[in-house]
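Asks: Next input, structure requested:
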Amino acid sequence: MQKLVHFWIRRINQPLAALMTAISTIALFACLVILLGLSWLFQEVLEKEAFGFDTTVLLEVHRWTNPVLDRVMVSLTRFGDPECVVVIIALSFGLLLWRQQRTEAKVLTIACLGALILNQGLKLFFAKPRPQLWTPLIPETSFSFPSGHALGSLVLYGFLAHLLAIEFPKLSHWIYSFAVVLITAIGVSRLYLGVHWFTDIVAGYAVGFLWLMICITLLKLQTQKKMGGLLKF
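Replies: The predicted structure follows:
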């Protein structure tokens with residue numbers, strides 16, 4: 001009995017307490033709501049249900065098309081393209097290592113690799129075709145659900161915003177605001193270009209947010225360990 005109590009205290013209770021401390025109440029509630037929403041959305045997509053508002057949203061967005069916005073949206077969507085994302089990740093990873101922030105570099109790698117695996121895995125699992133309401137301005141050949149640009153941009157830019165907010169706490173409001181605007185703009189660009197349904201964007205953001213919360217929690221737990229915590233990464 002004494003061994004069981006000792007095992008609970010050392011192996012379960014302390015890690016669980018640290019985990020709950022690392023996750024804010026608001027973030028935890030948001031994650032639960034998102035999980036419920038995703039479970040419904042995933043079921044509908046698996047059953048090949050059509051969402052009427054998906055077509056309505058795309059056609060409404062398409063009404064605003066013009067040559068100037070075409071160029072703006074093509075430029076915005078590039079911030080979620082693999083070529084741009086890889087460069088940003090490489091520069092961020094190198095900067096973190098140069099600043100001796102190895103933990104942050106490690107979690108950044110985990111966050112990005114996890115986002116890639118989630119995106120590709122979900123696309124192959126649901127195999128949902130892309131919209132074909134008009135000829136898109138950019139070619140896309142992969143499946144549609146969820147949006148990799150939405151998922152990946154939320155994880156990458158959200159995680160970088162978190163690191164910057166820690167480094168510059170007085171500017172955290174502006175940092176997070178800029179990240180939200182950029183991530184939202186990338187999602188809107190995918191709708192404007194006609195390469196994703198609205199539900200693809202929503203699912204991408206939802207999955208990305210859940211994964212981002214997990215990665216930020218890992219970072220916080222590792223930071224606690226460095227400060228004398230008992231958890232191992």
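Asks: From now on I want contacts and neighbour counts done on CA atoms only, so please keep to that.
Replies: Will do.
Asks: packing partners for the helix or strand hosting residue 32?
Replies: For residue 32, the element it lies in under DSSP states H and E is helix 25-46. For helix 25-46, the packing partners by 3 or more Cα pairs under 8 Å, 6 or more residues apart in numbering; DSSP states H and E come out as helix 198-226.
Asks: any idea how far the helix it packs on is from the chain center?
Replies: 6 Å (Cα atoms, centre = their mean, to the nearest Å).
Asks: So which bits of that helix are buried?
Replies: Neighbour counts over helix 198-226 (16 or more other Cα atoms under 10 Å) mark 198-213, 215-224 as buried.
Asks: quick one: average confidence on it?
Replies: Taken as a whole, helix 198-226 carries a mean pLDDT of 89.
Asks: Determine the angle, from 0 to 180 degrees, between that helix and helix 25-46.
Replies: If you take axes from the mean of the first three to the mean of the last three Cα atoms, to 10 degrees, helix 198-226 sits at 140 degrees to helix 25-46.
Asks: what about dumping the CA coordinates of whatever helix or strand comes next after the helix holding residue 32 to CSV?
Replies: Later in the chain than helix 25-46, the nearest helix or strand by DSSP H and E is helix 52-62. C-alpha atoms of helix 52-62 as CSV (Å, rounded to 0.1, in the frame of the first residue of the first chain):
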residue,chain,number,x,y,z
GLY,A,52,-24.8,24.3,-48.0
PHE,A,53,-23.2,27.3,-46.4
ASP,A,54,-19.8,26.2,-47.7
THR,A,55,-20.9,27.1,-51.2
THR,A,56,-22.7,30.2,-50.1
VAL,A,57,-19.6,31.5,-48.3
LEU,A,58,-17.3,30.9,-51.3
LEU,A,59,-19.7,32.5,-53.8
GLU,A,60,-20.1,35.5,-51.5
VAL,A,61,-16.3,35.9,-51.2
HIS,A,62,-15.9,35.5,-54.9
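Asks: List the buried residues for helix 52-62?
Replies: Quick answer for helix 52-62 (16+ other Cα under 10 Å): 54, 58, 59, 61, 62.
Asks: Give me the helices and strands touching it, please.
Replies: Judged by 3+ Cα pairs under 8 Å, 6+ apart, helix 52-62 is in contact with helix 172-192, helix 198-226.
Asks: In TSV, list those helices along with distance to residue 121.
Replies: Formatted as TSV, the helices and strands packed on helix 52-62 follow (distance: least, Cα to Cα, whole Å):
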stretch	distance to residue 121
helix 172-192	20
helix 198-226	12
